[in-house]
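Novice: mind looking at a prediction? Sequence and model below.
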Amino acid sequence: MNQAIDMLMHEHRVIEKVLEALLAFTDRLEQGGQGERATLSEFAEFFRNFADKCHHGKEEDKLFVEMIRHGFPKEQGPLAVMYREHDQGRQHVRALAELGGGAGALTAEDIASAARHARDFAALLSAHIMKEDTVLYPMSGRVLTPLDFERLAGEFETFEKEVMGAGEHERYHKLADLLIQRFGESETAVHADHGCCHHG
């Protein structure tokens, strides 16, 4: 489509793979497998920083603002749904982070809560990504010009450098690969040439 939207869609593919890994991890927990709070913290860190701060940050601070400038309302319609679902996702990630930050072994209640939040979050974010890929991004392409998207791509690069910081994108890609390899299929590991903060 264009560099800006391509960047966001590559990020979606990374996020989807880590969602699969999260579900696999919580399945293992429910089946009596060994589960560490630290692993929940790693998942929460990835979703809080890669999916939300970096990816949703570029959407909310750059793409959505540009769409609003071109006449899309913020308080209703597609953008309102996107903002609301971003907030709903943050609530699930906050719950996972709190479970990950607790003391002692995960209790049966902790595991049940983690599995519930993981499944609800994965369902929410998977449907959200599909809406963006198939509806919202194509909508943006009908109102924004090639020059708008070229400027957005540059703004995305600046956003990542200023908001995420130097070296952070490599760190979160390594974390994504680690989680995918540990709890997903190893051949689906996503490398740092796709997704958030790629400066190729």
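Specialist: Received it, and whenever you're ready, just let me know what you need.
Novice: please name the nearest non-neighbouring residue to the residue most central in space within the chain.
Specialist: Against the mean C-alpha coordinate of the chain, by Cα atoms, centre = their mean, the closest residue is Ala51 at 2.4 Å. Leaving aside its sequence neighbours, Ala51 sits nearest to Ile15 (Cβ to Cβ, 6 or more residues apart in numbering; 5.1 Å). (Glycine included, C-beta is placed from N, CA and C.)
Novice: got it, and Ile68?
Specialist: Lys74 is the one closest to Ile68 (Cβ to Cβ, 6+ apart), at 5.4 Å.
Novice: the one you found and Glu155, how far apart?
Specialist: Distance of Lys74 to Glu155, given as Cβ to Cβ, to the nearest Å: 18 Å.
Novice: also Gln3?
Specialist: Gln3 is 11 Å from Glu155, by Cβ to Cβ.
Novice: what residues sit buried inside the helix or strand that contains Ile15?
Specialist: According to DSSP states H and E, Ile15 maps onto helix 3-30. For helix 3-30, the buried set under the neighbour-count rule, 16 or more other Cβ atoms under 10 Å, comprises 4-5, 7-12, 14-26, 29.
Novice: ditto for stretch 117-124
Specialist: 117-118, 121-122, 124.
Novice: run through who's touching it.
Specialist: 19, 22-23, 25-26, 47, 85, 88-89, 92-93, 95-96, 99 (Cβ atoms under 8 Å, 6 or more residues apart in numbering).
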